[in-house]
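Visitor: what follows is a protein structure lacking sequence information:
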């Protein structure tokens, strides 16, 4: 997935910081826009899944890129 509106690099941050930064960034975005988040914390995979379900945003995809994870979240 390469089509997104904003990107957030949360590399090197551990839970809950990637989620908190993503929430803050999503608050500045328009409905329907897509945020790409880069994280290195393996726990972020389940965290972003739960975050999307709790907030009503859509987790479009999760990609593993070596030791990094990319999440694409569409704002509701």
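Guide: Looks like it arrived, so ask away. Please read these numbers as outputs of a predicted model, since none were measured by experiment.
Visitor: just for this protein, where's the confidence low?
Guide: Across the chain, the stretches falling below the confidence threshold (pLDDT under 70) are 1-2.
Visitor: can you name the farthest residue from the center of it?
Guide: The outermost residue of the chain, judged against the average C-alpha position, is residue 66 (17.0 Å), by Cα atoms, centre = their mean.
Visitor: quick check on that one: phi, psi?
Guide: phi 70, psi -120 (degrees, to the nearest 10).
Visitor: residue 38 too?
Guide: phi -110, psi 130.
Visitor: list the beta-bridge partners for it.
Guide: Counting by DSSP bridges, residue 38 forms beta bridges with residue 9, residue 70.
Visitor: number of nearby residues for it?
Guide: 17 (other Cβ atoms under 10 Å). Every C-beta, even on glycine, is put in place using the N, C-alpha and C of the backbone.
Visitor: and it, what does it touch?
Guide: Taking Cβ atoms under 8 Å, 6 or more residues apart in numbering, we find residue 38 in contact with 7-11, 68-70.
Visitor: okay, buried residues for the longest helix seen in the chain please.
Guide: Taking DSSP state H as the criterion, the chain has its longest helix at helix 44-55. Residues of helix 44-55 classed as buried by neighbour count (16 or more other Cβ atoms under 10 Å): 44, 47-48, 51-52.
Visitor: residue 16: which of those residues is nearest?
Guide: residue 47 (7.5 Å; Cβ to Cβ).
Visitor: just checking, what packs against the next helix-or-strand element following the longest helix of the chain?
Guide: As assigned by DSSP states H and E, the chain's next helix or strand after helix 44-55 is strand 58-65. In terms of contacts (3 or more Cβ pairs under 8 Å, 6 or more residues apart in numbering; DSSP states H and E), strand 58-65 is packed against helix 44-55, strand 68-74.
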